[in-house]
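Dropping the sequence and predicted coords here.
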Amino acid sequence: DASASFGEVVNAPWFLVVDLMGTVAFALSGITIARSEGYSIFGAIILAWLPALGGGLIMDLIAGRNPPGILAQPAYMYAILITVLAVRAVLWLIDLARGRWLLFFDLVQIYVTARRRLKPMTLLVVFDSLGLAGFTVTGVFTAIQFNCHPLELWGPAFAMMNACLGAILRDVVRADAHNPILKGSFYAEIAVAAGLLLSLFVELAPPAAVGYGVVATLLVVPAVRLMLYRRDARAPMF
Amino acid sequence: DASASFGEVVNAPWFLVVDLMGTVAFALSGITIARSEGYSIFGAIILAWLPALGGGLIMDLIAGRNPPGILAQPAYMYAILITVLAVRAVLWLIDLARGRWLLFFDLVQIYVTARRRLKPMTLLVVFDSLGLAGFTVTGVFTAIQFNCHPLELWGPAFAMMNACLGAILRDVVRADAHNPILKGSFYAEIAVAAGLLLSLFVELAPPAAVGYGVVATLLVVPAVRLMLYRRDARAPMF
Amino acid sequence: DASASFGEVVNAPWFLVVDLMGTVAFALSGITIARSEGYSIFGAIILAWLPALGGGLIMDLIAGRNPPGILAQPAYMYAILITVLAVRAVLWLIDLARGRWLLFFDLVQIYVTARRRLKPMTLLVVFDSLGLAGFTVTGVFTAIQFNCHPLELWGPAFAMMNACLGAILRDVVRADAHNPILKGSFYAEIAVAAGLLLSLFVELAPPAAVGYGVVATLLVVPAVRLMLYRRDARAPMF
């Protein structure tokens, strides 16, 4: 059946790699904020954890997944911790290097030059788009695996929760009233649309074709997200 | 037993109607805010979802209801989506009609005149009061159904969660530090008091009489809420 | 096995006393805020509930404890309600007494003199430190009881959730962007460190010795917390 075929795809090793890449990208978005708003290392872990794993936890609790994914697969939690501590270590080395060690100074120079050339945050947005795609697929998969009917409702709902709810919660914890995902950034809408299309594809296509739908989602979602980001497109307002 | 008798009442079709009316009324309260504070359509769905279904979800998770109500009965989720999109469509038609089509212009005129005569939001407050009553009953019913003892603690607690926690969360997501339900609006207190009285009634009255308690709650709670609203009564401060 | 031996300690009556003392202390921290920021009595209950029981509820949901602790043991919920109402009653008596009854006036005089001598909030911080210790132990115990592997990840994670997450949520509900636990107050770091050490001790020490680890945690954590509080120590920033 479709569930089995779907399972083959999302349990493949390359899928875990995409999922962890998304986790790290979402964690980096929290870390960037922690750096600029004066959070402690503990605060940075919370701000990194929320967008990466917070939405998926709520989805798991609604779906009745027991234990939730973060308990079943510790790699996600370790990915957050390692990302936060690695970034802290790199920042510490850069601080150390400023005007002292020639080698580090050169590296910093390269980094600064690279930043000036690239549109700021481009690399982060690319990772983030991969995360959006991977988390959309995992969200729809969770709805299928836990028989959440109708799939055309819960597929997009879980895709949105998995990919966006944590980032909304991160901004709630920061008491930020101008939550971009809720106020016009084109982000959650992509997860909902892709989750709906993938859900309909899974329902209508033959089970053997499900893998193509997953691959298409993983290719099209980042492309759409990056295109909308470059054009600075705004989501439809209420 | 009381649980069975209670179940007959809350599973009756007319009860689902009251419950959905409450859901729509609570959703409208979020939509009104989304309109005035510049949220996207997606943001409006979140702001509508939270007061209507957010508190009930947390109650279901605490009670161990598996699957939670929103999964078991998709009508609630669809009620939110339809409400948001219908209001958006009406707003769009009103925008279209301004100064263009005579028929629509007349309708707008009637609407504007009606608004000037009525105390603002009166209709919304009436719906909202029905929702408060219905959600109070469903909250107490959940505590009974899932054997949450003592009922005189969990009946009012679940009534409050079901009817008010989501609206608190809506204001938390908006990063609004002046959360009226927590700072003196007479609202959660009504759910707690009505939940306590209904719980005591269920515990003490003969099972056959339980339905009268439900009907009394559905009649008295809106009356009390509307009376307190008209008098602008303030809840006791700490 | 370790779980049994651990259970003997945390199920002992004196442990419930420590745990309830922590609950009351955490509730008082919320009540203090409710008083100074104009919350209603209902709002004060929410602000008292969150730091005391909110983090533990989320921990229970992740661990799959069914029913969650607050449902299984109503004493925690009653402790919150009694604390809020008792403080309200005392405040009302003090208001009544001001300049009226000689006996009360003397008591107020003693209270005011005591406050001037003591560093402000000292007693609250002592209770709060006991709560931090007790909730750290209960958090690690929950990770053991529900087989959350690896324990060196989930022991400290649950200790932190149980002891600190609720206080973070309390400040989220207040829409306070300067959440001290996330921005440099030495607090969550103590729970994480103590939770990690206790987890490692439980894994490595013979089962019979587990009780000593619990007692050591209950003694060392408050001492460290009070020392860091007196020195106004700051947690490492990101």
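That came in fine, so what should we check first?

What distance do you get for the most centrally placed residue in chain A to chain B?
By C-alpha atoms, centre = their mean, chain A has its centre lying nearest to residue A:131, at 3.6 Å. According to C-beta to the nearest C-beta, to the nearest Å, residue A:131 stands 18 Å off from chain B. Heads up, the C-betas are built off the backbone N, CA and C, glycines and all.

Equivalent analysis for residue A:184, please.
5 Å.

Next: residue A:20.
When residue A:20 is compared with chain B (using C-beta to the nearest C-beta), they lie 27 Å apart.

Tell me how far the spatially closest residue to that residue that is not a sequence neighbour lies from residue B:146.
Excluding its sequence neighbours, the residue lying closest to residue A:20 (C-beta to C-beta, 6 or more residues apart in numbering or on different chains) is residue A:79, at 5.4 Å. For residue A:79, the distance to residue B:146 equals 36 Å [C-beta to C-beta, to the nearest Å].

what does residue A:173 give?
For residue A:173, the distance to residue B:146 - C-beta to C-beta - is 30 Å.

Quick check: phi and psi at the closest residue in space to residue A:185 that isn't next to it in sequence.
Distance criterion C-beta to C-beta, 6+ apart; nearest residue to residue A:185, sequence neighbours excluded, is residue A:235 at 6.6 Å. Residue A:235 adopts backbone torsions of phi -70, psi 160, taken as degrees, to the nearest 10.

now residue A:40
Given degrees, to the nearest 10, the pair of backbone angles that residue A:40 has is phi -80, psi 170.

Pull the number of nearby residues for it.
The local packing of residue A:40 (other C-beta atoms under 10 Å in any protein chain shown) involves 24 other residues.

you'd agree it is up against residue C:180?
No - using C-beta atoms under 8 Å, residue A:40 is not in contact with residue C:180; the gap is 9.5 Å.

Do me a favour and get the end-to-end distance for stretch A:176-190?
22 Å (C-alpha to C-alpha, to the nearest Å).

list the buried ones in that stretch?
Neighbour-count burial for stretch A:176-190, counted by 16 or more other C-beta atoms under 10 Å in any protein chain shown, picks out A:177, A:179-190.

Can you add pLDDT and secondary structure and give those back as JSON lines?
Below are those laid out as JSON lines (pLDDT from 0 to 100; DSSP: H, G, I helix; E, B strand; the rest coil):
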{"residue": "A:177", "pLDDT": "86", "secondary structure": "coil"}
{"residue": "A:179", "pLDDT": "90", "secondary structure": "coil"}
{"residue": "A:180", "pLDDT": "90", "secondary structure": "helix"}
{"residue": "A:181", "pLDDT": "92", "secondary structure": "helix"}
{"residue": "A:182", "pLDDT": "94", "secondary structure": "helix"}
{"residue": "A:183", "pLDDT": "93", "secondary structure": "coil"}
{"residue": "A:184", "pLDDT": "90", "secondary structure": "coil"}
{"residue": "A:185", "pLDDT": "90", "secondary structure": "strand"}
{"residue": "A:186", "pLDDT": "91", "secondary structure": "coil"}
{"residue": "A:187", "pLDDT": "92", "secondary structure": "coil"}
{"residue": "A:188", "pLDDT": "96", "secondary structure": "helix"}
{"residue": "A:189", "pLDDT": "96", "secondary structure": "helix"}
{"residue": "A:190", "pLDDT": "97", "secondary structure": "helix"}
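
Report the closest residue of chain A relative to chain B.
residue A:182 (3.4 Å; C-beta to the nearest C-beta).

Which strand or helix spans residue A:196?
Residue A:196 is part of helix A:188-204, with elements assigned from DSSP states H and E.

got the contact list for that helix?
A:2, A:6, A:132-133, A:135-137, A:139-140, A:143-144, A:151-152, A:154-160, A:162-164, A:181, A:209-210, A:213-214, A:217, A:220-221, A:224-225, A:228, A:235-236, B:40, B:42 (C-beta atoms under 8 Å, 6 or more residues apart in numbering or on different chains).

Next up, identify which helix or strand whatever residue of chain A ends up closest to chain C is on.
For chain A, the residue closest to chain C is residue A:43, as judged by C-beta to the nearest C-beta, at 3.3 Å. Using DSSP H and E, residue A:43 sits in helix A:41-49.

What does the residue lying closest to residue A:16 once chain neighbours are set aside show for phi and psi?
Excluding the flanking residues, the one nearest residue A:16 by C-beta to C-beta, 6+ apart is residue A:75, at 7.5 Å. With angles defined as degrees, to the nearest 10, residue A:75 sits at phi -50, psi -30.

who in chain A is up against chain B?
Listed as neighbours of chain B in chain A under the rule C-beta under 8 Å from any C-beta of the partner chain: A:61-64, A:148-150, A:153-154, A:157, A:168, A:172, A:175-177, A:179, A:181-184, A:188-189, A:192, A:234-238.

Find the nearest non-adjacent residue to residue A:168, please.
Nearest to residue A:168 is residue A:181, by C-beta to C-beta, 6+ apart, at 5.5 Å.

quick one, which of residue A:173 and residue B:146 is more surrounded?
residue A:173 (22 against 17).
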